[in-house]
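> Quick one: sequence and predicted model below, then my questions.
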Amino acid sequence: MSAVAVSSQLPVFPNRKIALVGNPNVGKSVLFHRLTGHYVVVSNYPGTTVGLSHGNIKALENIPVIDTPGIVTFPARSEDEAVTAQVLLDENLQAVIQVGDAKNIRRTLHLTVQLAEMGVPLVLALNMFDEAQSRGLQIEAGKLSRLLEIPVIKTIATRGRGISDLLLALKYVPASKLQVQYPPVIEDALAKMQEYLPESLISKRALSLFWLCHDSVSAVWLSSHLSAEQLNALVDLRTNLELNLSHPTEDIIQNTREQFVDSLAHQISQKDINQGLSISGRLGRLATHPLWGLPILAVVLLAMYWFVGVFGAGTLVGWIEKDLFSGIINPWLTSQVGELIPWPFFRDLFFGQYGLWTMGMTYALALLFPIVVTFFISFGILEDSGYLPRLSVLSNRVFSWMGLNGQAVLPMVLGLGCVTMATMTTRIMNSKRDRILVTLLLALAVPCSAQLGVVMGLLAGISFVGTLVWLGVVLLVMFLIGWLAAQVMPGERQPLVVELPPLRMPVVSNVLIKTAARLEWYVKEALPLFIIGTFFLFVLDQVHILPKIIQALEPMVVNWLGLPSEAATAFLLGLMRRDFAATGLFVMRSDGILNPLQMVVAITTITLFVPCIASMFMMVKERGWKQGLAMIVFIFPFSVLVGGLLQRFLTYTGWLG
Amino acid sequence: MLTLADIKQDQSIRIVAMPELSESVRKHLHAYGLFTGRTIRVLSTRPEMTIQIEETELALEYSVARHILVEVSR
């Protein structure tokens, strides 16, 4: 390899790119944002970057940058990792920036060594440098740079520190020349392979190592660049080597690298004698403590309930929905704009009882938006504070009864805000099986904030025992159906393995940016569903089918659930718009036609129902027609069945008189 | 043979092998640097196992810890 004068600036070649590569959850996406100005939703969960993000660095002649999914080690083992490997094989790269976690220096260097072996121009960004320092870990970046012969830059991406140094380093980065010495038999094989290998964008040595480790991505690449004869020769070479070795070749190669990394880490880093546990460390322990964890959880939930339930759903909705929309905007629009529309059909379509504006948009913007905003803010705070993974540890046992692990707690808690949104976030679950289970449980047993509103309102008229009966039945159904579904569903339960990041004070700007990105998501993906739902209802109303459906439901409501016939209207309309159900049931309560027993039956049935028509669309959107419909078709009769059984049970035992 | 599930709080141990763990779980553990030969420390044992690898805290449930063979480090 020809020597490159390090002192001169490398020309920026046309059609070349820069790739960001690194372990999962080391801040690649934040750094990408710092370099390009593009925002990618960042969270404390590994695997947030799915697929590639593209951007440009303005400060470097607009050179294109690719943000890759996290990779642990080569060979790639998941689809995401394969994407990263593919980029290294296919893209003509000006430079690779490895983003590494400074405090986990061995883990970082393990990947550095493999990237450097590829002979690509490599810069190591030692990110989260502040966290390493605060833990008493001293790293000599200059020494590391000399040992590896690559630029090593200390960065703190969340605060923009080290970015200018990184940009400067990118201008002068030469191809890396590092070679780790493997045991002689392997070195022999590597040498022999050279003559068969074609020219590629990564070094022949790295390509040979890939081949010996049975890497599938490079194997596909090789098979398209070599003749069948050459490939056979490579296969023979590998097989012969394996016959001579007592361990799998990959293990030997990994162990050699591990020893190299270990000696490297010893030379460049040292840890101060344990300074004892910091306050954040202590609080982190308490948060997962079997005893103290629970009061901490109670405080967190109470604070969230106050912010989302009382402030968001109460105060803000009061201002926006009652004062602004019902008081000013809607009457004005209906009278001013509505009057201009000569056709009553279109007037109704937009401003009627089931109008796209008066019902759909008002619901999505005035009633749900404040709840969703406050919810996302509190969720962002919880996420950035590092509390959520601790919550999943605390709740792991409970979820294991339902064939899930503690990670399911995230969408379930989100569901208490808005089930439609929570259904969308099941994407963070690792397996398809878990996504299906959580989607089902969300629709069935997790009451969303709007449903909770109805429940809270009616609870006032019910004894404490009644409240317990409602809670008990819902929890029982959740565990029973969760357990049954987990038995029926093919696939294994995923055990809980989760990183506990340090507890830290959330940065206000990060929480706000995150909230804004999620709101954009809400407006783009959830809001249209509310509009479609309203349109659906409008059509039902126009063809005068709603009264017929309500009539058809009445016998079931009266005979099976033992409720007054008016409840049928509340149930059906409530499906379209929660507050209608609430109003309907409130009126019935104040008219005195609902006794406590009937109220418990009504709120239990409503809780078990799919929350709203938008969440139904979301289930179909996320899980496909078959699964989505199957869940809906199961949930409706099932919730009515449970409601009726509860009514009979309560009547028989004489509880709630 | 000693497994991670047998280790008490604040003990340091070395990973010996991880047989019988599914490919996906093993991959997940590798992601945190839990390779054979690494030395780790047990931070707490309830409600699940919490271990420290370098400066990373990792919680894993007992069904996983039982399949990680370890030896008490020197």
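Received the coordinates, thanks. Numbering: from 1, shown residues only, chains lettered A, B, ... in the order given.
> As a check, name the ranges of all strands in chain B.
Listed in chain order, the strands of chain B (DSSP state E) span B:12-17, B:39-44, B:49-53, B:56-60, B:69-72.
> With respect to residue A:641, which of these lies nearest?
Residue A:641 sits nearest to strand B:56-60 of all these, at 38.8 Å, using Cβ to Cβ. Any C-beta I mention is one placed from the backbone N, CA and C, and that applies to glycine too.
> What are the buried residues along the closest one?
Within strand B:56-60, the residues that count as buried by 16 or more other Cβ atoms under 10 Å in any protein chain shown are B:56, B:57, B:58, B:59, B:60.
> Now for the fourth one: which residues touch it?
Pointing back at residue B:59 there. By Cβ atoms under 8 Å, 6 or more residues apart in numbering or on different chains, the residues touching residue B:59 are A:288, A:389, A:393, A:496, A:497, A:498, A:499, A:500, B:48, B:49, B:50.
> List the contacts of the helix or strand that contains residue A:317.
Using DSSP states H and E, residue A:317 maps to helix A:317. Helix A:317 is contacted from outside by A:366, A:367, A:370, A:371, using Cβ under 8 Å, 6+ apart.
> ranking those residues by neighbours, who comes first?
residue A:371 (24 neighbours; other Cβ atoms under 10 Å in any protein chain shown).
> got a pLDDT number for that residue?
Residue A:371 is assigned 80 on the pLDDT scale.
> Surely it and residue A:449 touch.
Yes - taking contacts as Cβ atoms under 8 Å, residue A:371 lies within contact range of residue A:449: 5.0 Å.
> shared neighbours, these two?
A:308, A:312, A:313, A:417, A:418.
> On the three-state scheme, the third one is what?
The three-state label for residue A:313, taken from DSSP: H, G, I helix; E, B strand; the rest coil, comes out as helix.
> thought it was touching residue A:449?
Yes - the pair residue A:313 and residue A:449 qualifies as a contact (Cβ under 8 Å) at a distance of 5.5 Å.
> list the residues that contact both of those two?
Common contacts of residue A:313 and residue A:449, defined by Cβ under 8 Å, 6+ apart, comprise residue A:371.
> quick one: the residue in the stretch 351-500 of chain A that chain B sits nearest to and residue A:414, what's the gap?
Nearest to chain B, among the residues of the stretch 351-500 of chain A, is residue A:500, at 4.1 Å (Cβ to the nearest Cβ). Going from residue A:500 to residue A:414 by Cβ to Cβ, to the nearest Å gives 20 Å.
> Give me the more crowded residue out of those two.
Comparing residue A:500 with residue A:414 by other Cβ under 10 Å, the one with more neighbours is residue A:500, at 25 against 22.
> For the residue of the stretch 351-500 of chain A closest to chain B, which residues are in contact?
Contacts of residue A:500 by Cβ under 8 Å, 6+ apart are A:284, A:288, A:386, A:389, A:390, A:393, B:50, B:57, B:58, B:59.
> okay, the last one: pLDDT?
We have a pLDDT of 91 for residue B:59.
> Bridged to it, which residues?
On the basis of DSSP bridges, residue B:59 is bridged to residue A:498, residue B:50.
> what packs against the lowest-mean-pLDDT helix or strand in chain B?
Within chain B, no helix or strand scores below helix B:23-31, which has a mean of 77 by mean pLDDT, DSSP states H and E. For helix B:23-31, the packing partners by 3 or more Cβ pairs under 8 Å, 6 or more residues apart in numbering or on different chains; DSSP states H and E come out as strand A:497-499.
> Alright, I will stop here.
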